[in-house]
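Undergrad: sequence first, predicted model second:
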Amino acid sequence: MTSATTKTFPIDLGAFKPLSLDPGSPKLTADQKTQLEQNIQLCRDAIVFFTATAAAKGLGGHTGGPYDIVPEVLIADGFMRGTDRVVKQYYDEAGHRVAIQYLMSVLNGHMPAEKLAEYREGHSHLPGHPELDYTPGVGFSSGRLGHMWPAVNGVALGNPEKSVFCFGSDGSQMEGNDAEAARFAVAKNLNVKIIVDDNDVTIAGHPSKYLPGYSVAKTLEGHGLKILEGHGEDLDDLYTRMCDAVNTPGPVALINKRPMAPDIKGLEGSPHGHDVIKVDTAIAYLEARGHQAATDYLKAIEKPSHPVTYRGVDMDSQGSNRNVFGQAVADQLDKMSLEDRTDKVKVIDSDLEGSCGMNHIRERHPEVYEHSGIMERGNYSACAGFGSEEGKQGIFGTFSAFLEMVISEITMARLNKSNVLAHFSHAGVDDMADNTCHFGLNNMFAANGIEDFDDTRLFFPADQHQMHAVIAEIFHKPGQRFVFSTRSKCPDVLDANGKTLFADDNYKFEIGKDEVIREGTAGYIVTFGETLYRALDAVEQLKEQGIDVGLINKPTLNVIDEDMMQKIGKAPFVLVAEAFNKDTGLGSRFGTWLLERGFSPKYKHIGTTKEGCGGLWEQMVHQGLDPDGIIKTVKTLV
């Protein structure tokens, strides 16, 4: 892998000439416009290059969003340099546009340019979303869409004489938080200036097609904001509108129309622009721009590998459970008649179909599929409303980090005895270059019903075969069923004889039943999901060392298996290992369950306790949840 710390950044950022701009002068001079145009092109070229370094390393990322908003960010930067009328912060509520934050950090002298080529690497301090006090020059944390404007309202309250810029998007404006923030800003006449990149692109498509009637400008106008709409690539008009916004007391929304990733051949106007640019596309763009050194740099990057093998699993057979979920649901729909499917099932996507496997359902059964926007609360409740009739169910999917956003909706669905099959992918921390804000840690919050009538169930399958088995068993069950999966692939789990455990003809998933993966006399590790295969490797190593540890899989997270509690409660120790938040996960309950039954083995619990370190596989090691970390903990108990 090419090391950014030992190579010169191949695009000369020294050519950037910062501008000091006065919003009291609403027209650019010819010299100012020329320099602004040069600065914009330089910054866009740099963003294409260093985001592509992450693509070359298999780290993912986002190119189009930060590329889009360079003009408005640089004009805002000019105001910050040229006047004291603007709060000096580039608040952005589309956190995946972090590349522009890192570039501005370099241009403002907080980091060397060479650092940018470590974008999204593990331990580089350049994660996929901005994090306060983690990256030099980044002054806020912004993880989830639509969460920044309400906070910016508070900043405006604290700085009543200054304007506060908040960079948004047509996607972030779909979130209900922004509607509340808009009403508050108007009611209090706050000096917030919302700069919306209205490019008609989100991850899974074009809002104009899947949300016909949705208009950012009309929505915000309806809330009472002054609207200044224009084309984001028209610098004269953009500059005049931004001056007008600063010169206008109270909240103003600038709606900047542009295609996603303008002037990038192969990406312009495409949802693919939301993701990281492909290396070949970046090379073609940079070559056309005359950046031969940058293209040579990209061509020299070797994709790093993580050549770790794990005992007890089939490393040659790995499945992506977040995709398998959709395939398994589609398999169940195959068994229903067309009439039954359309009458009894409704699938509502929240713009993450490819990340949650919902695309497989859409492709195979479009008759039950509703493509919706970035509106998790409303979409979950719509699923629950559809599933409030006996025999019907709504199917919902999003990231596990966003489960915290729908807790109230889950409670209301429970009170209405609704049937919802919900898939929350990207659970835990594994493979999460987006880092702390996107960790799926507090999933046990979903199990918050009153015991005497709660049929909510939480499931975390360990591999692709168990995912199929879980869906087959729970698909037609009533109530709310939450299925979790990781961003990473998981290898097939093997039994003690080397046979694929969950694909065995004799295996049948039972709700609430814990599973013995390996027997042991020294004590038991209890785990689930992607931590299972790591714990299995630890168990096999410990057995080789003469420490006979057993392993229990708990695929149903919130149901107590009384028979298993009797078994492991009498063991010398019990260790719960999980990637959920240590304070709210399974282990925070499991010790109490043991004590309530009169058992008192040595007990320990490990989970996620640290902010993320970026990267992919590095996250589990960072949390002490790799085999070595688990072994180390076990040895404190024996």
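TA: Sure thing, it's come through. Numbering: from 1, shown residues only.
Undergrad: where exactly do the strands run in the stretch 401-550 of the chain?
TA: All strands of the stretch 401-550 of the chain, identified by DSSP state E, counting those that start in this stretch, fall at 420-425, 457-459, 480-484, 490-493, 515-518, 523-527, 549-553.
Undergrad: and for the third one, what's in contact with it?
TA: The list of residues contacting strand 480-484 from outside it, by C-beta atoms under 8 Å, 6 or more residues apart in numbering, reads 325, 400, 403, 410, 413-414, 418-425, 427, 440, 443, 446, 455-461, 467, 470-471, 474, 529. For glycine as for every other residue, the C-beta is placed from the backbone atoms N, C-alpha and C.
Undergrad: what of the second one?
TA: Residues outside strand 457-459 that contact it (C-beta under 8 Å, 6+ apart) are 443-444, 446-447, 470, 474, 477, 479-484, 511-512, 555-559.
Undergrad: between the strands of the stretch 401-550 of the chain, which gets nearest to residue 575?
TA: strand 523-527 (4.9 Å; C-beta to C-beta).
Undergrad: before we move on, back to that, tell me which of the contacts of strand 480-484 fall in helices.
TA: If you go by DSSP state H, those have 325, 410, 413, 414, 467, 470, 471, 474 in helices.
Undergrad: report pLDDT for the third one.
TA: Note on residue 413: pLDDT of 97.
Undergrad: ok, residue 436 next?
TA: 95.
Undergrad: from residue 133, how far out is it?
TA: 11 Å (C-beta to C-beta, to the nearest Å).
Undergrad: ok, the two, which is more surrounded?
TA: residue 436 (22 against 9; other C-beta atoms under 10 Å).
Undergrad: mind listing the helices for the stretch 451-600 of the chain?
TA: 464-474, 530-544, 562-569, 587-596 (DSSP state H, counting those that start in this stretch).
Undergrad: now do the first one and strand 480-484, the angle between them.
TA: Orientation of helix 464-474 against strand 480-484 (axes from the mean of the first three to the mean of the last three C-alpha atoms, to 10 degrees) gives an angle of 180 degrees.
Undergrad: could you give me the buried positions within the helix ranked longest in the chain?
TA: Secondary structure of the chain per DSSP H: the longest helix is helix 30-56. Residues 32, 35-36, 39-40, 42-56 are the ones in helix 30-56 that count as buried (16 or more other C-beta atoms under 10 Å).
Undergrad: for residue 271, which residues are in contact?
TA: Residues near residue 271 by C-beta under 8 Å, 6+ apart: 201, 202, 203, 204, 205, 206, 260.
Undergrad: in JSON lines: those, plus distance to residue 498.
TA: What follows is these, written out as JSON lines (distance: C-beta to C-beta, whole Å):
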{"residue": "201", "distance to residue 498": "48"}
{"residue": "202", "distance to residue 498": "45"}
{"residue": "203", "distance to residue 498": "40"}
{"residue": "204", "distance to residue 498": "40"}
{"residue": "205", "distance to residue 498": "44"}
{"residue": "206", "distance to residue 498": "49"}
{"residue": "260", "distance to residue 498": "49"}
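Undergrad: which residues of the stretch 151-300 of the chain fall in helices?
TA: 176-188, 207-210, 216-223, 235-247, 279-288, 292-300.
Undergrad: between those helices, which one is closest to residue 82.
TA: helix 235-247 (11.0 Å).
Undergrad: what residues of the closest one count as buried?
TA: Within helix 235-247, judged by 16+ other C-beta under 10 Å, the buried ones are 235, 238, 239, 240, 241, 242, 243, 244, 245, 246.
Undergrad: report the angle between it and helix 30-56.
TA: Going by the same axes, to 10 degrees, helix 235-247 makes 100 degrees with helix 30-56.
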